[in-house]
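Undergrad: Please work out how this folds:
(one chain, ligands or ions: 2)
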Amino acid sequence: MASVSEFYAGKCVLITGATGFMGKVLVEKLLRSCPEVKALYLLIRTKQGQSSQQRIHTMLQSKLFDRLREENPDFHKRIIPVSSELTQPGLALSDEDVQTLTQSVHIIFHCAATIRFDEPLKHALQLNVIATQQLLCLAQQMQQLHAFIHISTAYANCNRRHIDEVIYPPPVEPGKLIHSLEWMDDAIVHDLTPRLIGDWPNTYTYTKALAECVVQQESGKLNIGIIRPSIVGASWQEPFPGWIDNFNGPSGVFIAAGKGILRTMRASNDAVADLIPVDVVINLTLAAGWYTAVHRPKSAMVYNCTTGGINPFHWGEIEHHVMLTFKRNPLEQAFRRPNANITSNYLIYQYWILVSHKFPALLYDLFLRLSGQKPQMMRIFNRLHKAIGLLEYFSSQDWEWNSDNMNMLMNQLSTEDRKVFNFDVRQLNWPEYIESYCIGTKKYVLNEDMADIPAARQHLRKLRNIRYTFNTVLLVFIWRVFIARSQMARNIWYFVVSLCFKFLSYFRASSTLTK
Ligand SMILES: CCCCCCCCCCCCCCCCCC(=O)SCCNC(=O)CCNC(=O)[C@H](O)C(C)(C)COP(=O)(O)OP(=O)(O)OC[C@H]1O[C@@H](n2cnc3c(N)ncnc32)[C@H](O)[C@@H]1OP(=O)(O)O
Ligand SMILES: NC(=O)C1=CN([C@@H]2O[C@H](COP(=O)(O)OP(=O)(O)OC[C@H]3O[C@@H](n4cnc5c(N)ncnc54)[C@H](OP(=O)(O)O)[C@@H]3O)[C@@H](O)[C@H]2O)C=CC1
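TA: Residues are numbered from 1 along each chain as shown. Ligands and ions are numbered 1, 2, ... in the order given. Coordinates of the predicted model:
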């Protein structure tokens with residue numbers, strides 16, 4: 001049987017969402033580990049005045065492609081950008097592009113989605129469900145299609161505690177929902193959204209559940225694989241450790257904690273932190289493409305791509321290792337020294353929000369106002385509170401995912417493929433991974449130079465001294481106010497001062513005697 005890279009040789013692959021976090025890693029890995037692949041058709045929309053070609057050009061300049069550029073400088077010749085806006089009828093593809101795609105594509109990887117938790121329902125439905133439906137329609141016209149791989153999320157069924165590798169019945173028939181929302185204006189949909197999504201925490205997970213159902217409806221006609229990654233984090237090994245390029249999920253939390261802005265967050269110390277490195281997800285996705293095309297399973301195969309059941313790690317441990325890393329490798333221009341604590345207790349959380357977030361923000365804004373600058377800290381904290389408020393649903397509870405299909409797939413790979421397309425998370429050393437993840441946020445998200453770490457440490461020392469001075473002044477001030485108002489405080493104060501004085505006189509006397 002052909003190995004994974006032999007299978008992709010001579011094949012044309014269509015990818016949506018190639019400019020996104022996971023899409024980029026997929027493009028890079030496919031071109032690096034399957035150098036004989038014939039062409040990658042990337043469906044990309046124009047954005048901010050940039051054509052799909054210009055966007056690809058910019059993307060390929062990024063650090064992610066450094067290793068590939070070194071190994072194979074001509075890699076870009078296999079990339080064919082196709083202009084496509086997925087929310088438009090017919091995916092806004094030209095007739096010519098439809099013809100090319102239907103004649104040549106062998107495998108589809110559908111990664112595009114809106115992953116915002118606060119996306120209005122109509123838009124989330126348009127992109128995550130209707131666009132998927134349209135892509136499936138296009139797929140059915142493809143004459144040589146071997147496999148359709150849909151990227152879902154492990155949280156599509158987060159209303160359940162135990163999640164098997166099956167497609168669960170949808171909360172509502174997607175077609176019916178699409179028709180009923182068509183005539184409603186945005187304000188009505190907004191008001192109805194909480195009732196519609198029911199026990200799903202946001203429109204993202206809800207529409208991803210509906211998308212799975214839409215995919216299943218086509219599973220009789222196509223060979224389909226569904227990948228359900230949990231919380232996708234920085235790369236573990238490839239193309240280099242720690243690569244990450246966005247603030248989504250835990251990355252934004254780590255950065256905010258490293259900058260000393262975030263000091264508290266609602267999360268359970270003992271809940272499993274189901275992070276999964278992006279390279280693991282992509283290796284599994286490519287292997288699933290191979291398996292689906294070669295074995296043609298009768299119904300859609302679902303792969304829960306998670307770590308919790310195999311190699312669990314908890315939010316409390318993550319907090320510890322994140323703090324440790326940022327103390328050793330500080331971020332530049334930190335607001336305060338990194339010192340974040342997670343808590344599941346609502347009252348304690350509110351207390352720390354007040355004392356450690358809002359109070360310092362108010363003080364800093366006051367300082368900015370007095371020095372003639374625009375206040376900004378309170379605005380930053382309000383945005384941070386909104387973001388962590390949306391994440392706490394995922395950091396405060398546990399889920400149990402069955403990952404039998406992931407294990408089955410691993411057993412189907414040859415020894416060589418298991419190395420090249422490694423998704424064996426039993427080998428993942430969490431403390432090492434979290435360290436390289438945090439350093440990755442510093443290097444690749446914030447573009448900070450590792451050579452400037454001594455200056456960042458110096459800045460932390462300055463912050464520590466400011467804190468000590470501030471605490472001392474505050475203590476003396478409170479004590480003075482207290483003494484002025486209470487006779488008992490005054491008596492204690494005189495007693496302590498006279499005791500100190502006596503000790504001093506005693507030491508002075510004993511030292512003159514011993515001379
Ligand atoms: C040490 C402590 C340890 C604690 C451990 C606890 C950690 C818990 C983490 C739990 C993670 C759970 C994730 C669950 C994922 C489910 C899995 C998936 O399927 S799906 C995948 C998961 N999906 C997601 O994760 C999506 C979640 N994100 C959202 O839904 C939205 O971004 C938003 C509602 C949070 C903010 O909306 P809005 O206010 O409109 O703001 P914009 O979006 O327009 O961004 C404006 C600017 O801010 C930037 N920035 C953004 N976030 C942060 C941040 N946290 N910070 C800093 N910055 C941040 C952003 O880059 C942008 O910069 P620029 O371009 O202007 O330069
Ligand atoms: N990140 C995570 O933690 C997880 C992600 N997933 C799933 O993985 C997939 C990829 O996620 P991720 O890479 O993180 O997401 P990103 O937000 O980084 O990427 C989304 C991609 O979709 C494209 N896209 C969005 N809207 C349109 C549109 N209207 N027309 C054409 N393309 C569009 C974006 O293109 P553009 O650059 O033009 O905006 C981008 O390439 C998603 O299906 C997501 O549900 C699942 C579990 C966890």
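
Undergrad: What residues of the biggest helix by length in the chain count as buried?
TA: For the chain, the longest helix by residue count, based on DSSP state H, is helix 453-485. For helix 453-485, the neighbour count (16 or more other CB atoms under 10 Å) marks 453, 456, 459-460, 463, 483 as buried. Every residue, glycine included, has its C-beta placed from N, CA and C.

Undergrad: which of the residues you listed has the weakest pLDDT?
TA: In terms of pLDDT, residue 483 ranks lowest among the buried residues of helix 453-485, with 80.

Undergrad: how about it, what does it touch?
TA: 489-490, 493 (CB atoms under 8 Å, 6 or more residues apart in numbering).

Undergrad: Could you list the contact residues of the chain toward ligand 1?
TA: For the chain, the residues in contact with ligand 1 (CB under 6 Å from any ligand atom) are 115-118, 153, 155, 231, 247-250, 252-253, 255-257, 265, 267, 315, 318-319, 322, 340, 342, 383, 387, 390-391, 394-395.

Undergrad: Next, find the distance separating residue 223 from ligand 2.
TA: Using CB to the nearest ligand atom, to the nearest Å, one gets 19 Å for the distance from residue 223 to ligand 2.

Undergrad: That residue: what's it in contact with?
TA: 145-148, 292-293, 296-297.

Undergrad: what's the answer for residue 366, then?
TA: So residue 366 contacts residue 375 (CB under 8 Å, 6+ apart).

Undergrad: host element of it?
TA: Using DSSP states H and E, residue 366 maps to helix 359-370.

Undergrad: that older thread, can the contacts of residue 483 go into a markdown table with extra columns for neighbour count?
TA: Formatted as a markdown table, those follow (neighbours: other CB atoms under 10 Å):
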| residue | neighbour count |
| --- | --- |
| 489 | 15 |
| 490 | 13 |
| 493 | 15 |
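
Undergrad: Residue 180: which of the residues you listed is nearest?
TA: Of all those, residue 489 has the smallest distance to residue 180: 69.2 Å, by CB to CB.

Undergrad: which element is that closest one on?
TA: helix 487-514.

Undergrad: And that helix, what does it pack against?
TA: helix 453-485 (3 or more CB pairs under 8 Å, 6 or more residues apart in numbering; DSSP states H and E).

Undergrad: How far off centre is the helix it packs on?
TA: 36 Å (CA atoms, centre = their mean, to the nearest Å).

Undergrad: quick check: angle from that helix to helix 487-514?
TA: Angle, helix 453-485 to helix 487-514, by axes from the mean of the first three to the mean of the last three CA atoms, to 10 degrees: 120 degrees.

Undergrad: tell me the angle helix 453-485 makes with helix 359-370.
TA: 100 degrees.

Undergrad: helix/strand/coil for residue 148?
TA: strand (DSSP: H, G, I helix; E, B strand; the rest coil).

Undergrad: Next up, the contacts around it.
TA: By CB under 8 Å, 6+ apart, residue 148 lies in contact with 107-108, 110, 136, 139, 215, 218, 222-225, 292.

Undergrad: Who wins on neighbours among these?
TA: Counting neighbours by other CB atoms under 10 Å, residue 225 leads those with 29 neighbours.

Undergrad: Check for me that it belongs to a strand.
TA: Yes: under three-state DSSP, residue 225 falls within a strand.

Undergrad: Look up how far ligand 1 lies from it.
TA: With CB to the nearest ligand atom as the criterion, residue 225 and ligand 1 are 17 Å apart.

Undergrad: Confirm for me that that residue is in contact with residue 287.
TA: No: using CB atoms under 8 Å as the test, residue 225 is too far from residue 287 to be in contact (9.7 Å).

Undergrad: Identify those among the contacts of residue 148 that sit within helices.
TA: 136, 139, 215, 292.

Undergrad: Switch the residues you listed over to JSON lines; also include pLDDT.
TA: Formatted as JSON lines, those follow (pLDDT from 0 to 100):
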{"residue": "136", "pLDDT": "97"}
{"residue": "139", "pLDDT": "97"}
{"residue": "215", "pLDDT": "96"}
{"residue": "292", "pLDDT": "97"}
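
Undergrad: nearest to ligand 1, of those residues?
TA: Checking the ones in helices among the contacts of residue 148 against ligand 1 by CB to the nearest ligand atom gives residue 215 as the nearest, at 15.9 Å.

Undergrad: so residue 265 touches residue 387, yeah?
TA: No: taking contacts as CB under 8 Å, residue 265 lies outside contact range of residue 387: 10.1 Å.

Undergrad: In the protein, which residue sits closest to ligand 1?
TA: residue 252 (2.4 Å).

Undergrad: List the contacts of the helix or strand hosting that residue.
TA: Here residue 252 sits within helix 250-258, counting by DSSP H and E. Outside helix 250-258, the residues that touch it by CB under 8 Å, 6+ apart are 231, 233-234, 244, 247, 262-263, 265, 273, 275, 318, 322-323, 326, 330-331, 334, 338, 340, 384, 387-388, 391, 437-438, 441-442, 445-446.

Undergrad: Can you get me a residue count around residue 256?
TA: Residues within reach of residue 256, counting by other CB under 10 Å, total 24.

Undergrad: what about it, distance to residue 275?
TA: 17 Å (CB to CB, to the nearest Å).

Undergrad: What of residue 223?
TA: According to CB to CB, residue 223 stands 30 Å off from residue 275.

Undergrad: Residue 13 now?
TA: 27 Å.

Undergrad: do the same with residue 74
TA: Where residue 275 is concerned, residue 74 sits at a distance of 35 Å (CB to CB).

Undergrad: ok, now residue 320?
TA: 15 Å.

Undergrad: Could you check which of the two is surrounded by more residues?
TA: Between residue 320 and residue 275, residue 275 has the larger neighbour count (other CB under 10 Å), namely 26 against 14.

Undergrad: That one pairs with what?
TA: residue 231 (DSSP bridges).

Undergrad: so what's it up against?
TA: Counting by CB under 8 Å, 6+ apart, the residues that residue 275 touches are 230-233, 250, 307, 313, 318.

Undergrad: Could you tell me which residues of the protein lie near ligand 2?
TA: With CB under 6 Å from any ligand atom as the criterion, the chain meets ligand 2 at residues 17-23, 45, 47, 85-87, 111-115, 127, 151, 153, 208, 229, 231-232, 248-249.

Undergrad: what about the helices in the stretch 201-350 of the chain?
TA: Taking DSSP state H, counting those that start in this stretch as the criterion, the stretch 201-350 of the chain carries its helices at 203-217, 250-258, 278-295, 315-328, 346-352.

Undergrad: who does the fourth one touch, helix- and strand-wise?
TA: Same thing as helix 315-328. Helix 315-328 packs on helix 250-258, strand 341-343, helix 430-440, going by 3+ CB pairs under 8 Å, 6+ apart.
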